[in-house]
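# after the sequence you'll find the predicted model.
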Amino acid sequence: MIHLIETVYRFLWGDLFVLPIAGGVGISLMVVLLFTAGVFFTLRTRLLPVRLFRDMIAAVCEKKQGRNGLSSFQTLVISTATRVGMGNLVGVVAAVSAGGAGAVFWMWVTAILGASTSFIESTLAQKYRQPDPLYGGWRGGPAYYIHMWAERKRKKPLRRSVVAALFAVSGLICWCGISQVISNSVSSAFKNAFHIPPIATTVALVVLAAVIVLRKNATVKSLDVMVPIMAVCYFVMTLYVIATNITHLPAVLGSIFAEAFGLRQAVAGGFGAVLMNGVKRGLFSNEAGSGSAPCAAAAADCDDPVKMGLVQALGVLIDTIVICSCTAFVMLLAPESVTTGLTGMDLLQAAVQYHLGSFGVIFIAVTLALFSFSTFIGILFYARSNVAYLFGDRWLWQTLYKVLALGMLLVGGVQAYTVVWDLGDVGIGLMTIFNLIALYPLSGEAIEALRDYEHRKHLEH
């Protein structure tokens with residue numbers, strides 16, 4: 001099984017071809033797909049992340065239109081709960097560990113391009129949402145708009161679309177992988193902070209998660225309070241670290257931009273390693289183009305699909321430009337002698353301990369546990385619509401997937417760090433491929449909706 005995962009991982013994230021510059025730059029299939037999509041949708045939306053930033057803020061503040069669905073803010077919270085978690089803490093650590101400071105720059109680029117991609121997929125998810133007979137409210141996501149696109153192409157009703165089903169299966173694989181990353185990272189953090197054996201932390205995490213998620217009516221309302229508080233606390237901690245190391249900030253910013261283009265080699269592999277790790281971890285963090293966030297976008301009660309697209313585009317920017325940068329600055333403002341030779345949570349906790357003393361190690365362990373728990377609740381929310389698409393509206397299948405995710409949570413706590421990440425990367429890579437197959441031909445509908453939205457806004461003013 002591990003060999004199969006690694007083989008697919010190499011196909012998706014390994015070198016598809018090598019550019020003959022800077023000693024050879026390996027470019028993977030996923031970099032080609034995501035950069036192409038990001039540039040294409042950013043141009044088609046006429047630099048939407050910059051041009052309509054104020055509209056993004058306004059869309060988040062809109063009130064819920066109906067009784068059963070979620071508000072715009074709640075869908076942002078759910079998508080942020082899954083984004084602001086493993087990718088922001090452990091993902092940034094992985095990127096900088098393997099690609100140096102320059103990887104941060106490519107994470108920023110991925111976010112700006114990804115915001116437009118997220119707008120397209122979330123607008124379509126909202127447009128083609130369906131009533132949810134099991135949980136109430138609405139459901140949807142790529143599986144549903146891919147299915148609609150397949151019916152349109154085949155010109156007849158279909159029980160299942162092959163591409164939609166493959167997307168749904170890939171999503172369930174990805175979220176199982178993320179479950180493993182969660183327990184792996186939390187158990188490592190608690191071992192460093194409190195000297196608790198990983199197996200004890202993992203079992204406690206699984207039991208607590210089971211108590212909450214195995215209820216039929218488990219909701220995401222707990223995230224409404226948890227996620228904003230977590231994000232603000234983490235942001236304030238970072239501001240304190242930056243303020244106390246303000247004299248070193250110019251050098252850190254300089255190294256980010258210098259190493260981004262291989263002007264100063266941070267690791268063997270140079271520019272290729274910097275680019276690849278920045279893009280890979282940037283995608284894993286903000287999920288733009290992968291089709292995860294649209295599962296939340298579809299659940300919103302919103303009077304205009306475009307507004308939900310704007311909300312999710314803002315989520316990408318919050319995730320990577322703000323929260324991921326926090327982690328990067330905390331790491332890069334610590335001396336190299338403190339972090340040399342370390343990876344994963346060990347590296348991040350060593351950096352925070354340097355800045356905040358023993359309190360910092362505890363702070364990161366607790367923050368990661370909360371981030372991880374919110375991520376787990378969020379991915380199970382995403383899984384609802386995909387399980388329903390594959391197996392129909394039955395509580396049995398919903399519960400079985402929750403049990404599978406809990407099992408992966410248990411396995412991840414005792415697995416090797418790299419193997420755990422590979423499964424998540426395989427899942428998110430496959431999701432992205434199947435999502436983009438339909439996203440290009442359907443994007444015209446989202447663009448048309450955006451033009452109509454801007455025309456109405458112009459008339460109002």
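That came through, no problem.
# from here on, just use CA atoms for contacts and neighbour counts.
Will do.
# quick one: low-confidence ranges for the protein?
1, 19-26, 62-72, 79-91, 98-99, 216-227, 262-286, 343-345, 415-421, 461 (pLDDT under 70).
# and the strands in it?
All strands of the chain, identified by DSSP state E, fall at 15-19, 25-28, 130-131, 138-139.
# ok, which of those strands comes nearest Val104?
When the strands of the chain are compared by Cα to Cα, strand 25-28 sits nearest Val104, at 17.5 Å.
# how many neighbours does Ala47 have?
No Ala there; residue 47 is Leu. Leu47 has 16 neighbouring residues, counting by other Cα atoms under 10 Å.
# quick check, Pro197 in contact with Lys191.
Yes: look at Pro197 against Lys191 with Cα atoms under 8 Å: they come within range, at 5.9 Å.
# before we move on, the earlier item: make TSV out of the strands of the chain and add distance to Gly427.
Formatted as TSV, those follow (distance: least, Cα to Cα, whole Å):
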stretch	distance to Gly427
strand 15-19	18
strand 25-28	16
strand 130-131	25
strand 138-139	21
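# which one's more surrounded, Pro197 and Lys191?
Between Pro197 and Lys191, counted using other Cα under 10 Å, the more crowded position is Lys191 (18 against 13).
# measure Ser374 to Ile212 for me?
Separation of Ser374 from Ile212 (Cα to Cα, to the nearest Å): 11 Å.
# which of those two has more residues huddled nearby?
Neighbour totals were compared for Ser374 and Ile212, and Ser374 leads with 25 against 13 (other Cα under 10 Å).
# gap between that one and Val77?
Look at Ser374 and Val77: by Cα to Cα, they are 10 Å apart.
# re earlier: so which of the strands of the chain is the most surrounded?
The highest average neighbour count among the strands of the chain, using mean count of other Cα atoms under 10 Å, belongs to strand 138-139 at a mean of 26.
# so which residues make contact with it?
68-69, 129-132, 295-296, 298-301, 385 (Cα atoms under 8 Å, 6 or more residues apart in numbering).
# tell me the buried residues within those.
Asn68, Gly69, Arg129, Gln130, Asp132, Cys295, Ala296, Ala298, Ala299, Ala300, Asp301, Ser385 (16 or more other Cα atoms under 10 Å).
# which one of these sits closest to Asp425?
Cys295 (18.8 Å).
# isn't the closest one up against Tyr144?
No: contact between Cys295 and Tyr144 fails when scored by Cα under 8 Å: they sit 9.6 Å apart.
# between the two, which contacts overlap?
Common neighbours of Cys295 and Tyr144 (criterion: Cα under 8 Å, 6+ apart): Ala125.
# count of neighbours near Tyr354?
Residues near Tyr354, counting by other Cα under 10 Å, number 19.
# any idea how far the closest residue to it other than its chain neighbours is from Val96?
Excluding the flanking residues, the one nearest Tyr354 by Cα to Cα, 6 or more residues apart in numbering is Ala334, at 6.8 Å. Counting by Cα to Cα, the gap from Ala334 to Val96 is 13 Å.
# how about the helices in the stretch 51-200 of the chain?
53-60, 72-83, 86, 92-99, 102-127, 142-154, 162-194, 198-213 (DSSP state H, counting those that start in this stretch).
# show me the contact partners of the first one.
What that stands for is helix 53-60. Ser72, Phe73, Leu76, Lys307, Met308, Leu310, Val311, Ala313, Leu314.
# quick check: the second one touching Cys61?
Okay, so that is Phe73. Yes: between Phe73 and Cys61 there is a contact under Cα under 8 Å: 6.7 Å.
# so which of the two has more stuff around it?
Legend: neighbour count by other Cα under 10 Å for Phe73 and Cys61, higher for Phe73 (19 against 12).
# any idea how far Thr320 is from the residue lying closest to the more buried one once chain neighbours are set aside?
Nearest-residue entry for Phe73: Val60, 5.3 Å, with adjacent residues in sequence omitted and distances by Cα to Cα, 6+ apart. According to Cα to Cα, Val60 and Thr320 sit 18 Å apart.
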